[in-house]
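>>> Whatever this is, show me its structure:
(4 chains)
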2 protein chains.
Amino acid sequence: MVRLSRLTDYGIVLMAHLAERERRSDSSSPHNAREVAEETSLPLPVVSKILKSLARQGLLVSQRGAKGGYTLARIPEQISVAEMIHALEGPIGLTECTVHPGQCVQEENCHVREPWQVINYAVRQTLGRIKLADLAGPAAPGSTVPLSSLGVDITDVVES
Amino acid sequence: MVRLSRLTDYGIVLMAHLAERERRSDSSSPHNAREVAEETSLPLPVVSKILKSLARQGLLVSQRGAKGGYTLARIPEQISVAEMIHALEGPIGLTECTVHPGQCVQEENCHVREPWQVINYAVRQTLGRIKLADLAGPAAPGSTVPLSSLGVDITDVVES
DNA sequence: TATTTACAGGACCAATCCAGTCCGATATTC
DNA sequence: GAATATCGGACTGGATTGGTCCTGTAAATA
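Here you go, the predicted model:
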């Protein structure tokens, strides 16, 4: 699978939604969970939970009380997909030993460990290059997705 | 997390072990599950289960009966990490909608879908470039891991 | 042919993890 | 002080996963 948890997936959608919202209404008043939930048709408790985590991790800034809500902590060009994933589900690493060294009994004489570190690094690099701005942009249908500095054209993308 | 399941992790270790074993004993007689389990200190039922799947997916060739066992279906240079992951846990895709389209209710007006396809493509590409031979090689300690055509030096790899 | 070895396939269970809900506390506005 | 929102954490039902086990079948050997 190599899947993101569903909450993480939602989280990125929410971040993109917030970016979009901020781009439109240039007033920088915060966006509250209820509205965001309605606009994305996601259950409020879920949205609430996710936005809380994102705020705790420093990707969003929260404002309590009436007229409170959330705003992006940085501009979308400076928030990477890797950061969002990291915020929502911890360090990115395909194997246990990359993330929690010492858990695996046979870490000592494991022959594939070092290569895995390189692989994880490569994946992190890939996810780090893609920014929130790339997701939230006003992608005209059928156009090339403006994946800054990734050098991939949408037309290359076919199923594996 | 973006983790592999533990069985997949084991599976790749097993593949690397088989590659190593074949490289040493140039006779191409099959390697049975019991021996492999002993040498990797993994429980036999687990090893057995994993090797079975790998064989069913065509990455290993199985030979039944006495003196039976498993051999690599191709040379290590022609088996990618992406293939092994795919064999053990299905299509590689970070989000649900990339793998099982139509499951997500709001697929229609989802603004991040197209970018996700590009991201998944990039990750798949990364994992596809790394071969079993890169994992199983006689990596001299401290040396550069010979990650063919990935262009990453081990010395660049630091924790995120 | 009988026996042994080894894979094939699938059922099964315990434990863990995850999605989603809910609640009381706190901060802010009016 | 009333209304609005976030904060933090507890809680639960359900799905997923790790791991075991059992029966069947194929091949080799004596």
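>>> Show me where chain A has its strands.
Assigned strands in chain A, in chain order: A:60-63, A:69-72 (criterion: DSSP state E).
>>> Show me how far the last one is from its chain's centre.
This means strand A:69-72. 15 Å (Cα atoms, centre = their mean, to the nearest Å).
>>> Might you name the residue of chain A sitting closest to DNA strand D?
residue A:62 (3.0 Å; Cβ to the nearest atom of the strand). Placement of C-beta: from N, CA and C, glycine included.
>>> Now for the spatially closest residue to that residue that is not a sequence neighbour: which residues touch it?
The spatial neighbour of residue A:62 that comes closest, neighbours along the chain excluded (Cβ to Cβ, 6 or more residues apart in numbering or on different chains), is residue A:55 at 4.2 Å. Residue A:55 makes contact with A:61-62, A:70, according to Cβ atoms under 8 Å, 6 or more residues apart in numbering or on different chains.
>>> interface residues of chain A facing DNA strand D?
Counting by Cβ under 7 Å from any atom of the strand, chain A comes close to DNA strand D at A:1, A:32-34, A:48-49, A:51-52, A:55-56, A:62-70.
>>> looking at it, the residue of chain A closest to DNA strand D is touching residue A:72, isn't it?
No. Residue A:62 lies out of contact with residue A:72 (Cβ atoms under 8 Å); the separation is 11.4 Å.
>>> which residues pair with the residue of chain A closest to DNA strand D across the strands?
Beta-bridge pairing for residue A:62 (DSSP bridges): residue A:70.
>>> Run a quick neighbour tally on residue A:128.
16 (other Cβ atoms under 10 Å in any protein chain shown).
>>> these two touch, right, it and residue A:79?
No. Assessed by Cβ under 8 Å, residue A:128 is found out of contact with residue A:79, at 10.7 Å.
>>> So if I had to pick from residue A:62 and residue A:72, which one is more boxed in?
residue A:72 (21 against 16).
>>> List the residues that contact the more buried one.
With Cβ under 8 Å, 6+ apart, residue A:72 has these contacts: A:15, A:18-19, A:22, A:59-61, A:79, A:132.
>>> Rebuild these as CSV, extending it with distance to residue A:5.
What follows is the contacts of residue A:72, written out as CSV (distance: Cβ to Cβ, whole Å):
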residue, distance to residue A:5
A:15, 15
A:18, 20
A:19, 21
A:22, 26
A:59, 17
A:60, 19
A:61, 24
A:79, 19
A:132, 19
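>>> now check the lowest-mean-pLDDT helix or strand in chain A, is it near DNA strand C?
Ranking every helix and strand in chain A by mean pLDDT, DSSP states H and E puts helix A:96-99 at the bottom, with a mean of 86. No. Taking Cβ under 7 Å from any atom of the strand as the criterion, helix A:96-99 and DNA strand C are apart, separated by no less than 10.3 Å.
>>> same question, stretch A:48-65
Yes. Counting by Cβ under 7 Å from any atom of the strand, DNA strand C is contacted by stretch A:48-65 at A:48-49, A:63-65.
>>> from those residues, which would you call buried?
Buried residues within those, counting neighbours by 16 or more other Cβ atoms under 10 Å in any protein chain shown: residue A:63.
>>> circling back: any chance of the strands of chain A in a markdown table, plus distance to residue A:11?
Listed next are these as a markdown table, based on distance: least, Cβ to Cβ, whole Å:
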| stretch | distance to residue A:11 |
| --- | --- |
| strand A:60-63 | 10 |
| strand A:69-72 | 12 |
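>>> Same list, those, but as CSV with mean pLDDT please.
Below are these laid out as CSV (pLDDT from 0 to 100):
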stretch, mean pLDDT
strand A:60-63, 98
strand A:69-72, 97
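>>> Of all those strands, which one comes closest to residue B:87?
When the strands of chain A are compared by Cβ to Cβ, strand A:60-63 sits nearest residue B:87, at 39.0 Å.
>>> what's in contact with the closest one?
With Cβ under 8 Å, 6+ apart as the criterion, strand A:60-63 contacts A:18, A:30, A:51-52, A:54-55, A:68-73.
>>> next one: that strand to chain centre, how far?
That offset, for strand A:60-63, works out to 17 Å (Cα atoms, centre = their mean).
>>> Using PDB, write out every CA atom in that strand.
C-alpha atoms of strand A:60-63 as PDB (Å, rounded to 0.1, in the frame of the first residue of the first chain):
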ATOM      1  CA  LEU A  60      -1.200  26.700  11.100                       C
ATOM      2  CA  VAL A  61      -1.700  29.600  13.500                       C
ATOM      3  CA  SER A  62      -4.800  29.400  15.600                       C
ATOM      4  CA  GLN A  63      -6.900  32.200  17.000                       C
END
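>>> Next, count neighbours for residue A:56.
So residue A:56, with other Cβ under 10 Å, has 11 neighbours.
>>> From residue B:45, how far out is it?
42 Å (Cβ to Cβ, to the nearest Å).
>>> got the phi/psi numbers for the residue in chain A that DNA strand C sits nearest to?
Of all residues in chain A, the one sitting closest to DNA strand C is residue A:65 (2.3 Å; Cβ to the nearest atom of the strand). When quoted as degrees, to the nearest 10, the phi and psi of residue A:65 stand at phi 80, psi -180.
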